[in-house]
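1. Pasting the sequence and the predicted coordinates here, then a few questions.
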Amino acid sequence: GPDAHKPRRCPQAGAAAAVDTATSGELALLPAQPRFFEMEIAQPAHWNQSVLLKPASPVQMQHLEAALRAVVEQHDALRLRFSRGESQWQAPFQPLDNAPLLRQRNLAALNELDAAGNQVQASLNLEHGPLLRAELFDFADGQQRLLLVVHHLVVDGVSWRVLLEDLQAAYRQLLNGQAVSPPAKTTSVKAWAERLASHAGSPALQAQRDYWLQALAGDHAELPRDNPMGSLANTHARTAA
């Protein structure tokens, strides 16, 4: 899936110069994004990834909200919106508005968490936003859980590592009475997508097109399987000691 962050280093462009302004305009869709819309998923806005965190100390809501805003400002893809145009999907970057990114909710017990989390995950909106939601759950016994939900169009497993690192750093800075000082922005996801599209349409790759079309022509054989009717569901997995 596409990364939600600007690469720390872009392997094709080398070390990128620091960028201080938020990306605007539209994103040239990355290959996985049009493929997502081609699948015609029944509830496309619900296709997300989430992380549930257990705070080590009581969360300071004001500081966490400010840290989240710094992360969304830093990582431009989190400000994307997706809408269907006349011939294709469009993905404009939106400026960060004043709508809160963090909400707080009281729950009686941990067994209420699944249902509450599903509500948060279903609240994303591809066209109007947000594509990131954060909800802090306070339980009657004093425990807390922080749920972070991001749409899969703008986050993947690699992205989470960077997002959580930047969020923790910003939150700690605010707790210490410091201004948020994020890492210098490098190559934007917009520039990366444009560079990728340019590379895909380059003469070098176009020269390979006929070879690959010929290699794939008429070859639709499936890989051999011991049990073609078998299920790949995790519920059927077994572990041998």
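-> Looks like it came in fine. Numbers count the residues shown, from 1 in each chain.
2. Now do the longest helix seen in the chain: which elements does it pack against?
-> Counting residues, the longest helix in the chain under DSSP state H turns out to be helix 157-175. Applying 3 or more CB pairs under 8 Å, 6 or more residues apart in numbering; DSSP states H and E, one finds that helix 157-175 makes contact with strand 48-53, helix 61-74. Every residue, glycine included, has its C-beta placed from N, CA and C.
3. And the residue nearest in space to the middle of the chain, its phi and psi?
-> Against the mean C-alpha coordinate of the chain, by CA atoms, centre = their mean, the closest residue is residue 155 at 1.8 Å. Dihedral angles of residue 155 (phi, psi; degrees, to the nearest 10) stand at phi -150, psi 150.
4. how far away is residue 241 from residue 39?
-> In this view, residue 241 and residue 39 are 38 Å apart by CB to CB, to the nearest Å.
5. Please name the residues that touch residue 106.
-> 137, 138, 139, 140 (CB atoms under 8 Å, 6 or more residues apart in numbering).
6. Now distance to residue 55 and secondary structure too, for the residues you listed, in TSV please.
-> Formatted as TSV, these follow (distance: CB to CB, whole Å; DSSP: H, G, I helix; E, B strand; the rest coil):
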residue	distance to residue 55	secondary structure
137	10	strand
138	10	strand
139	12	strand
140	16	coil
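7. Make a ChimeraX selection of the buried ones in the residues you listed.
-> ChimeraX command restricting the contacts of residue 106 to the buried ones, with burial defined by 16 or more other CB atoms under 10 Å:
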select :137
